[in-house]
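J.: Take this sequence and fold it.
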Amino acid sequence: MRIGELSRETGVAIPTIKYYVREGLLPAGRLTSPNQASYGDGHVRRLRLIRGLIDVGGLSVSAVREVLAAVDSPEESVHEVLGAAQHAITPRPAATPEGVERARQAVAELIRRRGWRVEPDHPAFEKLAVALATFRGIGHGEFEEVLDDYAAACERVATADLAWVGRNAEVDGLVEGVVVGTVLGDAVLTSMRRLAHVEASARMFKGAAEGAGGR
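T.: The predicted structure is shown next:
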């Protein structure tokens, strides 16, 4: 297909497609003449992946470039490539609150307690520490009492994620699936958590309020 057809197929404007090619996010089309190129299904899939990472995942173009570099590195082990992808898609905290060192110790203890094989330099380690330090800073340090419940739930989610992407035995398919599942899955998980909050609130508090009102 020509670039106009690629644009119609994906809903991505032609100037944007050309920009992605210049930035190295999208492979150039196959030249069929000095000023014409042909694009295939692989370009359609890659464009949809790029748009999903940017529009739903909220990643910057530079972060998308890192993610795609991990996706396109099948010479490394699956675990190493997944680690590179995770580092690329995990945002770094914008600030370091007071008490973060104590919070880092709590995160390290959680990882030790759960038996997780995670290094302290993973960006999610610091992100979690900053979140816990913030909880403590605003007077809600007791939140840490539910960390193991959160961890157990996240273990189940992670297992489900990898079981889903594991249906594709190819490394690039596995990595792309984990990247997509992590970035877009975060949006799904956050939305589902909000919906579950509504249900849990109704179950725990609404009935009690209605009962109190009826007395």
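J.: Work out for me the element the spatially most central residue of the chain sits within.
T.: By CA atoms, centre = their mean, the chain has its centre lying nearest to V183, at 2.5 Å. According to DSSP states H and E, V183 maps onto helix 171-201.
J.: before we move on, back to that, the residue nearest to the centre of the chain reaches T90, doesn't it?
T.: No. Between V183 and T90 there is no contact under CB atoms under 8 Å: 10.0 Å. Heads up, the C-betas are built off the backbone N, CA and C, glycines and all.
J.: from memory E66 sits against A88, does it?
T.: Yes. In this structure, E66 is within contact of A88 by CB under 8 Å, at 3.6 Å.
J.: Have a look at the two and say which one is more surrounded.
T.: A88 (21 against 16; other CB atoms under 10 Å).
J.: hey, where'd the strands end up in this structure?
T.: In order along the chain, the chain carries the following strands (DSSP state E): 30-33, 36-38.
J.: want to throw these into a markdown table with mean neighbour count and distance to K127?
T.: Formatted as a markdown table, those follow (neighbours: other CB atoms under 10 Å; distance: least, CB to CB, whole Å):
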| stretch | mean neighbour count | distance to K127 |
| --- | --- | --- |
| strand 30-33 | 10 | 42 |
| strand 36-38 | 14 | 41 |
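J.: any chance of these in TSV, plus distance to L49?
T.: Converted to TSV, the strands of the chain look like this (distance: least, CB to CB, whole Å):
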stretch	distance to L49
strand 30-33	20
strand 36-38	20
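J.: Hmm, A108 and V118 touching each other?
T.: No. If you go by CB under 8 Å, V118 and A108 don't touch, sitting 9.6 Å apart.
J.: No more questions from me, cheers.
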